[in-house]
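Visitor: pasted the sequence and its predicted model underneath.
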Amino acid sequence: MLGTIFLLALRSIQRHLLRSFLTVLGVVIGVAAVVTMVTLGNATTAAVQNQIASLGTNILQIRPGQGFGRGGGGPRPPNFEMADVTAIEQQIAGVKAAAPQVQSSGTAIFEGTNWSTTINGTTSAYFIVQPWPLAEGRGFTEAEEEAGKAVCIIGNTVRENLFRGGDAVGQRFRIRDISCDVVGILSKRGQAGFGGDQDDVVIMPIKTVQRRFTGNQDVSAILVGVDDAYSTEQVQSAISDLLRERRKLDGKEDNFNIFDTKQISDTMTGTTTLLTRIVAAVAAISLVVGGIGIMNIMLVSVTERTREIGIRLAIGAVSREVLLQFLVEAVVLSCIGGLIGLVLAQLAIALLSPLMQVPWTFDAQINIIAFAVSALIGVVFGYFPARRAANLNPIDALRHE
Amino acid sequence: MASPLISPPLISLRGITKVYGEGPNAFQALKGVDLEIARGDFIAIMGASGSGKSTTMNILGCLDVPSGGEYLFHGHHVETLDRDQRALLRRKYFGFVFQGFNLLARTSALENVELPLVYRGDSRAERRDAAMEALDKVGLKDWWDHTPGELSGGQQQRVAIARAIVTRPEVLLADEPTGNLDSARSREIMELLTEFNAGGITVLMVTHEPDMAEFARTVVHFRDGLIERIDSNGHGERVAG
C-alpha cells in the first residue's frame, strides 16, 4: 500500500512539474546553503589547523612588545641579542632548540629576472624547532654560519619565480648588494594563516643578514622548540623569568611576548568554527522558510484537489490513506528538494573552494543531516495540510467547484 | 410498507430523517423515509430539487449519516458506523457514478478505473487486468491511455461507470448520470446501466428526466422530504416497494 501511495505521490508531482519545482525551491536553496556553508567553513577551519600544524606544535615564539591590547606609547621595547638565544637554549630544561630570527627584505636578481622577497636570518636551529624539510640541497654548515657566508636556502616561490622552476642549487644570484649562493631549496609549505606566502622567503645565516643588511647585532624574534616530554606552559614561564632577569625588568612589566602556537591555533580555529556556526544558522532559517513554502503549496493543493479527495473518499479511501497520500507527497517533494540542494551544494563547493583557497571536501555527515532535515520538514509542514485533506466531508468535497 | 419479497431486502430504510443545521435555521431534508430495496432492482429516484432525493442517495451510499431512523444493509445497521467503517463499506459494496463524471484530470482512463483497486490493495497486474476488463465492458478498451480531457462527455461517463463497476460492487449509485449529456449519449449510458443491472448489480439512480426513469423497474417519487409514491414500470419480474 505504501509503495502505491508513493507512486501516487510521484504521479501527482509529475502532473504539476513547474509548481512542484517552485514549491521545493526554498528547500533546495536552504539545503544547498547549509551544506555549502558548513562544508566550506569546516574546510577553512581544517586548513587553518593544518597551516598552524605545519608551523609545528610545541613552538614558542618570542617577540619584543608590550603585551596584547597595548597600543604604541613609550619607547620601542628593545630587541633581543644572540646571548639571549644561547641562554634560553642552555639554561632552560625542555628547550629542544632556540632559533634567532632577524628579517629584512630585498629584490633578488638572477639573469635579468627580478623578484622581491623576504630575507630571513637565522641558524640551523630554525630547522630543528619546526619541521620544514629541504626539497633539494643541504642546510648551512657550522663554518658558514660562523663566518657569515653569503649562502642561502630559498623557498619554493622564489625558486619558481626567480629561477623559473629550473635548477637553483649551486646557482649564484644577487640580492640587494651581495651575491649569494643557493645551497638548498625548501619543500612547499603553502599559505600562512592570514594570507602571506610562507614559501616566498630567502633564508640566510643570521650573521650574514646582521652584517650585510641590518648593520647591528639585534635579534628581532626567537623561536623555541619545546621537547615533547615537557609542558609548554612550564617552559614558557621559565623563559619569561629568565628574560625578565636578563632584561632587568625588576618590578616593571614585561617588554616581550611569548606566543604558544597551540594557543594561536586554538584561537583561530575557534573563530572560524564560530563563524561557520553563525552562517549555518542563517542558512538553516532559509530551510525553515522553505518548509513553510511547502506547507503553503500543499494547502493550496488540498483546496485545488478537493474534488479529487472527494472522489477518493467516495470510492472508499479511509482518512488515514488520504492523510498518508498528502503526507508522502510533501515528504517526497521535500526530499527531492533536499537531493537537488545537495547536488547544488557540491557544485557550489567545487566552485567556491578554489576561490577561498581551501581544498574541495565532501562532508558526508552534514550531507546526511541536511537531507534528513529536509525529509523532516516534509513531515512537519506536510502534516497539517494532509490532515485537512483527510478530514474533508466526502459530499462537500465532491460538490466543491 | 409491506414487503412482497420472499428474500430479505438488500437495503431497508426505516423512518430515516435528516436535519441540516441547528436551531431556527435548521432544515429538515428528510421527514421519515421508509424504503426497501431488493437485490437486483433498478430504482430511479425522482423529485424536484429540495425534495430530499439527493440526501436519500447520499445516505444510501453511506456518504452521509441520517439524523434519525435505521438503515439496514444486508440486515446490518449502517447508521451507527463511523467514518472509516463507512468508507470500507463503500469500498467493498458500492460503486458511484456522478453527474459531473468526477474523473481525475490529467490521468489516463486506465488509471482512473484502477483507482478503487488501489485502495483494495490489489497488485499492479491484477489492477491492470480488472481495469482493462471494465473498460472493455463499457466499450472503451482502445481508449485506455486517454486522459479525460481527450474524451467526450459520454466517454468520460463510461469511464466513470467502468470505475464504479471494476470492484464488482453489489450496488451502483448513479447521481444524475445523464445530466450533462445529450439524449443520444444519455441513452447509451442508460443502456449500459441496464446491462449491468441485468448482470446482477442493484442500480439506484437519481434523475429528474422521466425518459431516463423509464429504464428503471421501479420509480420512487420524492416530495418535501417524504416518498410521495412508488411506481412500477412493469418491465421487470421483481418489483420492490
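Guide: Arrived safely.
Visitor: for the longest helix along chain B, the distance to its chain's centre please.
Guide: The longest helix of chain B (DSSP state H) is helix B:183-198. Between the centre of helix B:183-198 and the centre of its chain there are 14 Å (CA atoms, centre = their mean, to the nearest Å).
Visitor: go on, stretch A:166-182?
Guide: Distance, centroid of stretch A:166-182 to centroid of chain: 35 Å (CA atoms, centre = their mean).
Visitor: then stretch A:95-114?
Guide: Between the centre of stretch A:95-114 and the centre of its chain there are 28 Å (CA atoms, centre = their mean).
Visitor: and the average pLDDT for it is what?
Guide: Stretch A:95-114 carries an average pLDDT of 90.
Visitor: again, but for stretch A:390-401
Guide: Averaging pLDDT along stretch A:390-401 yields 88.
Visitor: before we move on, what about stretch A:219-238?
Guide: Averaged over stretch A:219-238, pLDDT sits at 89.
Visitor: which residue sits closest to the residue of the stretch 251-400 of chain A found nearest chain B, ignoring its sequence neighbours?
Guide: Residue nearest to chain B within the stretch 251-400 of chain A (CB to the nearest CB): residue A:316, separated by 2.5 Å. (Glycine included, C-beta is placed from N, CA and C.) Sequence neighbours aside, residue B:91 is the residue nearest to residue A:316 in space, at 2.5 Å (criterion: CB to CB, 6 or more residues apart in numbering or on different chains).
Visitor: most centrally placed residue in the chain?
Guide: By default, I'm working from chain A. When CA atoms, centre = their mean is applied to chain A, the residue found nearest the centroid is residue A:44 (1.6 Å).
Visitor: if you could check chain B rather than the one you did, that'd help
Guide: Taking CA atoms, centre = their mean, the centroid of chain B lies closest to residue B:173, which sits 0.3 Å from it.
Visitor: name the SS class of it, please.
Guide: Look at residue B:173: counting by DSSP: H, G, I helix; E, B strand; the rest coil, its state is strand.
Visitor: roughly how far apart are it and residue B:216?
Guide: To residue B:216, residue B:173 is 13 Å away according to CB to CB, to the nearest Å.
Visitor: which neighbours do those two have in common?
Guide: residue B:205 (CB atoms under 8 Å, 6 or more residues apart in numbering or on different chains).
Visitor: tell me, how many residues neighbour residue A:90?
Guide: Around residue A:90 there are 9 other residues, counting by other CB atoms under 10 Å in any protein chain shown.
Visitor: residue 29: what secondary structure?
Guide: Reading this off chain A. helix.
Visitor: that answer is for a different chain, and I need it for chain B
Guide: Following three-state DSSP, residue B:29 is assigned to strand.
Visitor: mind listing what the closest residue to chain A within chain B touches?
Guide: Taking CB to the nearest CB, chain A has its nearest neighbour within chain B at residue B:91, 2.5 Å off. Listed by CB under 8 Å, 6+ apart, the contact set of residue B:91 reads A:315, A:316, A:317, B:116, B:119, B:120, B:167.
Visitor: need the three-state assignment for it.
Guide: Looking at residue B:91 with three-state DSSP, the answer is helix.
Visitor: do the same with the one 4 residues further on
Guide: With three-state DSSP as the basis, residue B:95 sits in strand.
Visitor: contact partners for it?
Guide: Going by CB under 8 Å, 6+ apart, residue B:95 touches A:315, B:116, B:163, B:164, B:165, B:166, B:167, B:169, B:171, B:172, B:173, B:201.
Visitor: got the residues of chain B near chain A?
Guide: Neighbours of chain A within chain B, by CB under 8 Å from any CB of the partner chain: B:58, B:61, B:63-64, B:83-84, B:87-92, B:94-96, B:98, B:102-104, B:106-107, B:111, B:115-116, B:118-121, B:163.
Visitor: in strands only, show me those residues.
Guide: Using DSSP state E, the subset of these located in strands is B:94, B:95, B:96.
Visitor: would you list the residues you listed in a markdown table and tack on pLDDT?
Guide: As requested, those are exported to a markdown table (pLDDT from 0 to 100):
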| residue | pLDDT |
| --- | --- |
| B:94 | 96 |
| B:95 | 95 |
| B:96 | 94 |
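Visitor: closest one to residue B:152 out of those residues, please.
Guide: For those, the residue nearest residue B:152 by CB to CB is residue B:96; the value is 20.7 Å.
Visitor: check whether the closest one really touches residue B:171, as I assumed.
Guide: No - Residue B:96 lies out of contact with residue B:171 (CB atoms under 8 Å); the separation is 9.6 Å.
Visitor: okay if I get the ones in strands among the residues of chain B next to chain A as a markdown table plus distance to residue A:203?
Guide: Formatted as a markdown table, those follow (distance: CB to CB, whole Å):
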| residue | distance to residue A:203 |
| --- | --- |
| B:94 | 93 |
| B:95 | 92 |
| B:96 | 90 |
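Visitor: which one among those residues gets closest to residue A:108?
Guide: Nearest member of those to residue A:108, counting by CB to CB, is residue B:96, at 91.8 Å.
Visitor: top strand in chain A by residue count?
Guide: Max-length strand for chain A by DSSP E is strand A:95-110.
Visitor: distance from whichever helix or strand comes after that one to the middle of the chain?
Guide: Using DSSP states H and E, the helix or strand that follows strand A:95-110 in sequence is strand A:113-122. Centre-to-centre, strand A:113-122 and its host chain are 28 Å apart (CA atoms, centre = their mean).
Visitor: just to revisit the earlier point, who does the longest strand of chain A pair up with?
Guide: Note on strand A:95-110: by DSSP bridges, its sheet partners are strand A:113-122 (antiparallel), strand A:172-175 (antiparallel), strand A:221-226 (antiparallel).
Visitor: convert the first one to CSV, retaining C-alpha atoms only.
Guide: Same thing as strand A:113-122. The C-alpha coordinates for strand A:113-122 follow below in CSV (Å, rounded to 0.1, in the frame of the first residue of the first chain):
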residue,chain,number,x,y,z
THR,A,113,64.7,38.3,-13.6
ASN,A,114,63.8,40.4,-10.5
TRP,A,115,61.9,39.1,-7.6
SER,A,116,61.1,41.0,-4.4
THR,A,117,61.2,38.7,-1.3
THR,A,118,61.7,38.4,2.4
ILE,A,119,65.1,37.7,3.8
ASN,A,120,65.1,35.7,7.0
GLY,A,121,68.3,35.4,9.0
THR,A,122,68.5,32.5,11.4
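Visitor: residues in contact with that strand: which ones?
Guide: Applying CB under 8 Å, 6+ apart, the contact partners of strand A:113-122 are A:99-109, A:155, A:157-158, A:161-162, A:164, A:175, A:200-210, A:213-214, A:223.
Visitor: likewise for the last one?
Guide: Residues from elsewhere that reach strand A:221-226 (CB under 8 Å, 6+ apart): A:56, A:58-63, A:80, A:84-85, A:88, A:94-103, A:122, A:125-126, A:128-130, A:232, A:235, A:239.
Visitor: among those residues, name the buried ones.
Guide: Burial by neighbour count, 16 or more other CB atoms under 10 Å in any protein chain shown: within those this picks out A:58-62, A:80, A:84-85, A:88, A:94-102, A:122, A:125-126, A:129-130, A:232, A:235, A:239.
Visitor: list the buried residues for stretch B:50-57?
Guide: Neighbour-count burial for stretch B:50-57 flags B:51, B:52, B:53, B:54, B:55, B:56, B:57 (criterion: 16+ other CB under 10 Å).
Visitor: er, stretch B:66-74 actually
Guide: Buried residues in stretch B:66-74, counted by 16+ other CB under 10 Å: B:66, B:67, B:69, B:71, B:72, B:73.
Visitor: isn't there a strand covering the first one?
Guide: By that I understand residue B:66. No - counting by three-state DSSP, residue B:66 is located in no strand; its state is coil.
Visitor: contacting residues around it?
Guide: Contacts of residue B:66 by CB under 8 Å, 6+ apart are B:16, B:17, B:18, B:30, B:59, B:79.
Visitor: go again using 10 Å as the cut-off
Guide: Contacts for residue B:66 were tallied using CB atoms under 10 Å, 6 or more residues apart in numbering or on different chains; they are B:13-19, B:30, B:33, B:55-56, B:58-59, B:78-79.
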